Every structure is written in C-alpha cells, then in structure tokens.
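> After the sequence you'll find the predicted model.
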Amino acid sequence: MPDHHVVVVGAGIAGLVSAIDLARQGLKVTVLERAAVPGGKLRQVMVDGAPIDSGPTVFTMRWVFDALFADAGLDFDQAVRLAPLSVLGRHAWGAGGRLDLFADAQQSHEAIGVFSGPDEARRFTQFCDEARRVYQALEGPYIRSTRPDVLGLSGDLGLGGIATLTRLGPFRDLWRALARHFHDPRLQQLFGRYATYCGSSPFEAPATLMLVAQVEMQGVWAVESGMIELARALARLAQQLGATIRCAAHCDSIVIEGGRARGVVLTGGERIDADSVVFNGDVGALAAGRLGEATTRATPVVPKAARSLSALTWSIRARTRGFALTRHNVFFDDDYASEFSDIFRRGRLPAKPTIYVCAQDRDNTTELDRPERLLCLVNAPARGDSGPFDADEIESCRQQAFGLMKRCGLEIDQHEDHCVTTTPHDFERLFPATGGALYGRASHGWMSAFARPASGSAIPGLWLAGGSAHPGPGVPMAAMSGRLAAATLMADLNSTGRRSKITIAGGAGSAA
C-alpha cells in the first residue's frame, strides 16, 4: 500500500511510534509537529545554558521499545544509551524519616524493616506479590490490547485474572487498598503517589494502579543526555524507514470530506491530502473544535471536572546542600488528603504540596560539587484555560514546597535568572484545550479504564494516539497507544469483514 498516505499530527512519543510502525509496513507517512523539534511532552528547557528535562523524567517498561525496534530489525540498545538505577527513588517526610526504594526488592524489604519495622516489611512483600499478580492479569488484556469493554475484559482476563481482581476489590480505591497492606501512613503516601503517575488522586483512583509497583520493580533507567534522546532516536528511526517529519508545521484543521478524514490544513493555508490521519494530541482539542468544527464528533467531550492533574514546575540550575539527592526524589508533607482536596475539589494550588525533584546530573553514585540541573514539580489543578494563577498564589506554593525541602534537609541556592517556572497556563498554551492537564482524563473510579477513547475515533480514517487515548499516559503507555493506532489502522486497511481484537506482541515476560 505505498500509495496510502498517512498524516500524523504531532511528533510526541505516540505519533513517532505510530509513524515507525506504519512506515515499516510500506505506507507513505508525513509527521507534522508544531514545535521546533520532535518530542511533544518530552521537552527540555534551557536554563543558564544547560538543557533540563522538563517533562517526563522516568523511563520504565523498556520492553515496549525493545519490541518496537526489534520489529524494525534493529536493536534499541544501539539507538539509546540507558543506565539502570539501583535506587528507584529517595523519599523524605517533613515530619521526619527518609526511605529509599531499590531495584532489588530484598534491599527495599530491608530498608522498610529499618524504617517502619519488620511487620511493615512483611506487608511490603505481600503488596509486591499482589501488584505483580495485578500487572500480569492486565498486561495482555488491557495494556497491549485495543480498548476493551467491561464484558470483553472479563472474558480476556480468564478465571485467574478475574480471581486476582476480585481479591483486590474491583470497586476499591487505591488509598483504601493500601490501608489493607500498610499500617504506617507514610508508606500509604509513598505508594499512593502511583496514582499521580496518571494524573489522578489516590483517594479516587482504582486499586489496580498498584501495578505501578511491579512496573518499577521491572527496572527504572536513566537516559543518557536526557529523555529527549528517546524522541530523537524515534525520529531518526521513522526517517530511516521513509517517514517525513516536518517541524514548525502547525495543523490548523483536519479535513473531513465524504464523512471521513481526508487530510489537514496548516496555518497559512497549505493543504496536505491524506488517506488517513493519526492525531497525536489531546483528544480534548478535537472535541473542542480546535481542529475544525467537523472533528467535534470524533470523541466525547472531557468535562473540566474529569481532567487529570496539571503541574507547577521549576527548571533550575543551582548548587544544592544538605540532602543527598539521587536521580528521583520525593518530599512529603503531613496532610496528603488536603493536597488532592485543594486540587480536585477547590481548584487551587495545594497548601501542603508533595514535591518531586529530578536531579538529572545524579546517577547511582554521583556526588556533585557544582551547580546541577533540577526539575522541581508540584501537582496543580488543570485550570490553565481559566487564566493564569495569581502571582501571590504561585509564590505561596513555591515557598511551601521549598520550605518542605529545607525541613527535610535540602537547600537549593536559587537565583531568579537560573530558574524557569512553568504553570498550568503555560501547559495549556503548549497543549491546547487541556487546561494544562498532562494526562488526559483522570483515572477516577473503576470505570475509568473504559472511559479513554480507543484508537479508532467516530470519524472513519481518523485515528487516535497519545496519553489521552487508550491505554493511558506515561512514556511507555503513550508508545503503546501509537502501536495500537498503527495496528488498528492497518487492520482496517486489510479488513474483509468484522475485525478481531488486536494485541501487540511482546510484554515484560517475553524475550523482546
């Protein structure tokens, strides 16, 4: 099908991955990216002459990319240099205490025993066992497959998977599930943070999100030269396979003719005809008519109340003192529930935020005696389309966050000209029609697994890829959505009748 032309709108991870899979199968592919470089949310900010990763910073589920490159006849290790992290994360509490989690589960078990006592260490092992069972139950039927419905997922899970979710409590939220495992509220906080990985509150997210513990136990890596190197490697592969990538090419509208997608029109009036269009942007932009009135029926509107978390970030180059940072660090305050009440119920920046710090010049052993690159992030409400936050509110949140780090022992020698602040309003500008939401729809309630749109939209010839579509947000999941969009498009081209469910090969337990 070399004459079938696919236009991919957006060169984020999902758009690049879909371009790779489509190009290697012989289709003509053009990728359009409004920014100056590929990457989407994998973005860097220049601060004091240094590039700082200011989007996703955690690399997991490498098997997704191993399989992608293997299918193209290449070795992922030759394209991107990774360093495994022995310390998954360093956690500290303003009220006292510090705990590292390790890639080695036995080390984590021992550390939790010292931190919270032998009973909590035993409960941690039981928690890991349950997280592994949940992950194994859902990886094939959900993560690697086209979006199921309730009955379809029940059938795909099989008796073992159904039994696993039944024991977990399918209607239980993550926070209550964690209370069954841990008596130390600090451990509830630590593992409850997994809900924020998909932009959600642990008090409303489904208990199945405990599977993130298993994802991290499979490995966390640092990407040499930053996460942007992953986007660069994907772009190179797409081009090697014949895809064309055009940056600084802003798609103004998607052309719908004869009831199906027929191309795009760029800002300035250039029309690019296509036989299919893959949209790698937030689905809210389609529903809001940002790509033309005709696309509003492509996906349901995401209500503002259903939006996921946004963020308030500080990209900093500075010296640090006191607290021994590792690559990934989290600082907790003493009132976790108030953080999510402030964000999701009151629509304001949290008075007692949790703060995540990615120290990008640190590896497993690094000690630094020079300015280093830091991304500091607190969760925020996605109301960036309602106007910018008041400067006093932002400053108050900053003082709370940096005050918490100081109570935990970390001091950052900040200089105003060595710091770039990004607000939900800025994220709305970068990713329109989201309000600054970084993860699409929040994963709140057990039905949220079925709320994200599938790869196919309601408009023939228009396909969806990205963190706001199935299977969800995060670098590997966005990549999987790109693979599913490409596979679904190819199945549609080859269809002679009713399509069967599509499952992408590979998986954490495979040889890929």
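Perfect, I can see it now.

> Every contact and neighbour count from this point should use C-alpha atoms.
Noted.

> Give me the phi and psi for residue 503.
phi -130, psi 130 (degrees, to the nearest 10).

> show me where pLDDT drops low in the protein?
Along the chain, segments meeting pLDDT under 70 span 1, 150-151, 153, 159, 170-171, 365, 496-500, 509-512.

> Swap in 80 and give it another go.
1-2, 148-171, 364-367, 495-501, 508-512 (pLDDT under 80).

> Break it down into its domains, please.
5-42+58-73+225-300+453-494, 107-217 (automatic domain parsing).

> Quick one: closest of these to residue 501.
Closest approach to residue 501 among the domains of the chain (C-alpha to C-alpha): domain 107-217, 6.5 Å.

> thinking again about what came up before, would you turn the domains of the chain into JSON lines with mean neighbour count?
Putting these into JSON lines (neighbours: other C-alpha atoms under 10 Å) gives the following:
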{"stretch": "domain 5-42+58-73+225-300+453-494", "mean neighbour count": "22"}
{"stretch": "domain 107-217", "mean neighbour count": "19"}
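
> do you know which of those domains lies nearest residue 396?
It's domain 107-217; of the domains of the chain, that one is closest to residue 396 (C-alpha to C-alpha) at 22.0 Å.

> Distance across that closest one, terminal residue to terminal residue?
End-to-end distance for domain 107-217, by C-alpha to C-alpha, to the nearest Å: 12 Å.

> just stretch 37-48 next, same as before
20 Å.

> Also stretch 239-258?
Using C-alpha to C-alpha, the two ends of stretch 239-258 sit 31 Å apart.

> Need the residues that contact it.
Stretch 239-258 has contacts (C-alpha atoms under 8 Å, 6 or more residues apart in numbering) with 9, 19-20, 23-24, 28-38, 235, 238, 261-267, 290-292, 294-295.

> Try it again at 7 Å.
For stretch 239-258, the external contacting residues (C-alpha atoms under 7 Å, 6 or more residues apart in numbering) are 19-20, 23-24, 28-37, 261-267, 291-292, 294.

> Looks like residue 310 contacts residue 424 (just checking).
Yes - the pair residue 310 and residue 424 passes the contact test of C-alpha atoms under 7 Å, sitting 5.8 Å apart.

> residues shared between the contacts of those two?
With C-alpha under 7 Å, 6+ apart as the test, residue 310 and residue 424 both reach 382, 436.

> just the strands in the stretch 401-512 of the chain please.
In the stretch 401-512 of the chain, the strands defined using DSSP state E, counting those that start in this stretch lie at 411-412, 419-422, 462-464.

> got the CA coordinates for the strand or helix carrying residue 331 in CSV?
Assigned by DSSP states H and E, residue 331 falls within strand 328-332. Taking Å, rounded to 0.1, in the frame of the first residue of the first chain, the C-alpha atoms of strand 328-332 are listed here in CSV:
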residue,chain,number,x,y,z
HIS,A,328,14.4,10.7,41.7
ASN,A,329,13.4,12.3,45.0
VAL,A,330,10.0,12.9,46.7
PHE,A,331,9.3,15.1,49.7
PHE,A,332,6.0,14.6,51.5
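
> In terms of secondary structure, what does that strand contact?
Applying 3 or more C-alpha pairs under 7 Å, 6 or more residues apart in numbering; DSSP states H and E, we find strand 328-332 packed against strand 87-93, strand 355-359.

> From the rest of the structure, what touches it?
Residues outside strand 328-332 that contact it (C-alpha under 7 Å, 6+ apart): 88-94, 354-359, 405.

> How about stretch 103-120?
Against stretch 103-120 from outside (C-alpha under 7 Å, 6+ apart): 86-88, 99-102, 121, 124-125, 182, 184, 217, 219.

> Nearest to residue 192 among these?
Distances from residue 192 to those, taken by C-alpha to C-alpha, are shortest for residue 182, at 11.0 Å.

> isn't there a helix covering residue 396?
Yes - counting by DSSP: H, G, I helix; E, B strand; the rest coil, one finds residue 396 located in a helix.

> Quickly note the distance from it to residue 8.
Residue 396 is 41 Å from residue 8, by C-alpha to C-alpha.

> how about the contacts of strand 328-332, which pair is most distant?
Spatial extent of the contacts of strand 328-332 (C-alpha to C-alpha) is set by the pair 88 and 94 at 20.2 Å.

> who has more neighbours, those two?
Ranked by neighbour count (other C-alpha atoms under 10 Å), residue 88 and residue 94 place residue 88 first, with 24 against 17.

> I'd say residue 199 and residue 309 touch.
Yes - Residue 199 is in contact with residue 309 according to C-alpha under 7 Å; the separation is 4.5 Å.

> Return every residue with contacts to both of the two.
Common contact partners of residue 199 and residue 309 (C-alpha under 7 Å, 6+ apart): residue 439.
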